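1. Quick check, what structure comes out for this input:
(one chain, ligands or ions: 1)
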Amino acid sequence: MSEDLRRMAEMLKAGASLLEEACPQCGSPLFRLTTGEVYCAKCNRKVLIVKSDEEAVSALTPMSLSTLEETLTVNLQRLERLARAEADPSSLERLLRLVNLHLEALERIRRIRRQG
Ligand SMILES: [Zn+2]
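-> Numbers count the residues shown, from 1 in each chain. Just a heads-up that it's a prediction; the model follows:
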């Protein structure tokens, strides 16, 4: 039995219920634990189910936004160093794509802040 199947079985045994929603990351069925938390057994992490963009925004506290922004900024600096040392064009392209994703995420954080 695979690791995630075993985790699913354990969750069900512990009283978790199977939800209709699927994990946004991997598409596996999600479980609601007895604590009320929603969990993906395959990704082995908590999942936040939100029904609309507004809920998604209010689910993000200013605290978690700042932490996220900090993480993204640190990552960007690391990516910048890697890009500077990278000679292989296809690796460089991958790095730049990551940089772009980080910039988009940072931009989105700032937009959420303005709304709040
Ligand atoms: Zn998942």
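2. Near the ion, which residues of this structure? Just list them.
-> By CB under 5 Å from the ion, the part of the chain that sits against the ion consists of 23, 25-26, 28, 40, 42-43. Every C-beta, even on glycine, is put in place using the N, C-alpha and C of the backbone.
3. Using neighbour counts, trim those to the buried set.
-> Among the residues of the chain next to the ion, those scoring as buried are 23, 40, 42 (criterion: 16 or more other CB atoms under 10 Å).
4. I'd like to know which of these are part of strands.
-> Among those, DSSP state E puts C40 in strands.
5. In TSV: the buried ones among the residues of the chain next to the ion, plus pLDDT.
-> Below are those laid out as TSV (pLDDT from 0 to 100):
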residue	pLDDT
C23	88
C40	93
K42	91
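6. Closest to L101 out of the buried ones among the residues of the chain next to the ion?
-> Within those, proximity to L101 (CB to CB) peaks at C23, which comes in at 20.1 Å.
7. For the closest one, which non-adjacent residue is spatially closest?
-> In space, not counting the residues next to it along the chain, C23 is nearest to C40; the distance is 4.1 Å by CB to CB, 6 or more residues apart in numbering.
8. for the one you found, what are its contacts?
-> Neighbour list for C40: 23, 25-26, 28, 30-31, 46-47 [criterion: CB atoms under 8 Å, 6 or more residues apart in numbering].
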